[in-house]
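Student: What would the 3D arrangement of this be:
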Amino acid sequence: FIGYGGLPLRIGCGVQHRPLRFDEVTMTSMRVLSSSSRHLVADVEVRDAEGALCMEVREAEITLSERLNTLFLDNRLERVRPLILVFPEGSWCELLSDAALSCAGDEARNIERDLRMRLYSHAHLHDDKPVEAELVRGFLAQEHRSSHPRPLEPAPKEPPCQPLKETERREVLAALKRNAWIQYKAARELNLTPRQMGYRVRKFNLEELIAKGRVDHRRQHS
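Tutor: Here you go, the predicted structure:
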């Protein structure tokens, strides 16, 4: 897999043994379970500088592509054209209104909205954000699997595997509270793009909490 960039599609489950600071040095090891030219599934362990286990992720699915390498060129200090990300935060309600959605039900509409946002960005924005076919297929497959969960048997003498969804939700909420419920500031603290933050807000149904939090914050500081 040398020479390929990769992005995660989904994980089976994970265990966080202790929180990690954003500036903490860690070591990651990966045991590949299956692979193809565009995709792999692996178990991942994250350890701190002293070798203590901090996090385990099982059955992580990753899409592979040479086109994704441009995302990581800056880390190698190569002199390349700066990448451009276009994200019309606050304008999606005009570019893609709820009336344009066809699906019924909040979960289905969130999936449709995310897919339409990807298609609109590809057709009109023309920035450097890669949109791989595997990302779309993997996202839809993840939603299908979440509605048909497959039990995962824990390994002997290991704690039962707990989903990371609730941990992620608490981290997003905490970042929003620390940043006065302003999404782009919380995204910057979590090292997320505004698009990734927006997806998590919809995924965890945080819109009403954010609106209420902003009102309470203004009252407290008025």
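Student: Next, the buried residues of stretch 169-184.
Tutor: Residues of stretch 169-184 classed as buried by neighbour count (16 or more other C-beta atoms under 10 Å): 171-173, 175-176, 179, 181, 183. No exception for glycine: its C-beta is placed from N, CA and C like everyone else's.
Student: Find the pair from those residues with maximum spatial separation.
Tutor: Taking C-beta to C-beta as the measure, the buried residues of stretch 169-184 span a maximum distance of 14.9 Å, between Glu171 and Trp181.
Student: so what's Glu66 closest to, chain neighbours aside?
Tutor: Nearest-residue entry for Glu66: Tyr4, 5.9 Å, with adjacent residues in sequence omitted and distances by C-beta to C-beta, 6 or more residues apart in numbering.
Student: I figured the one you found hits Ile62, correct?
Tutor: No. At 9.6 Å, Tyr4 does not count as touching Ile62 under the criterion of C-beta atoms under 8 Å.
Student: More neighbours: these two, which one.
Tutor: Neighbours per residue (other C-beta atoms under 10 Å) separate Tyr4 from Ile62, with Ile62 holding more: 24 against 16.
Student: gap between Lys185 and Glu171?
Tutor: Counting by C-beta to C-beta, to the nearest Å, the gap from Lys185 to Glu171 is 15 Å.
Student: Same check on Gly105?
Tutor: Using C-beta to C-beta, one gets 27 Å for the distance from Gly105 to Glu171.
Student: can you check Ala49 too?
Tutor: Between Ala49 and Glu171 the distance is 22 Å, computed by C-beta to C-beta.
Student: burial count for Leu95?
Tutor: The local packing of Leu95 (other C-beta under 10 Å) involves 14 other residues.
Student: any idea which helix or strand comes after the helix-or-strand element of the chain with minimal mean pLDDT?
Tutor: Averaged element by element with mean pLDDT, DSSP states H and E, the chain has its least confident helix or strand at helix 133-147 (a mean of 50). Moving toward the C-terminus from helix 133-147, the first helix or strand encountered (DSSP states H and E) is helix 165-178.
Student: Which helix or strand contains Pro8?
Tutor: strand 5-10.
Student: Report the buried residues of that strand.
Tutor: Buried positions in strand 5-10, judged by neighbour count with 16+ other C-beta under 10 Å: 5-6, 9-10.
Student: do stretch 210-219 as well
Tutor: Quick answer for stretch 210-219 (16+ other C-beta under 10 Å): 210, 213.
Student: contact partners of it?
Tutor: Residues outside stretch 210-219 that contact it (C-beta atoms under 8 Å, 6 or more residues apart in numbering): 176-177, 180-181, 183, 201.
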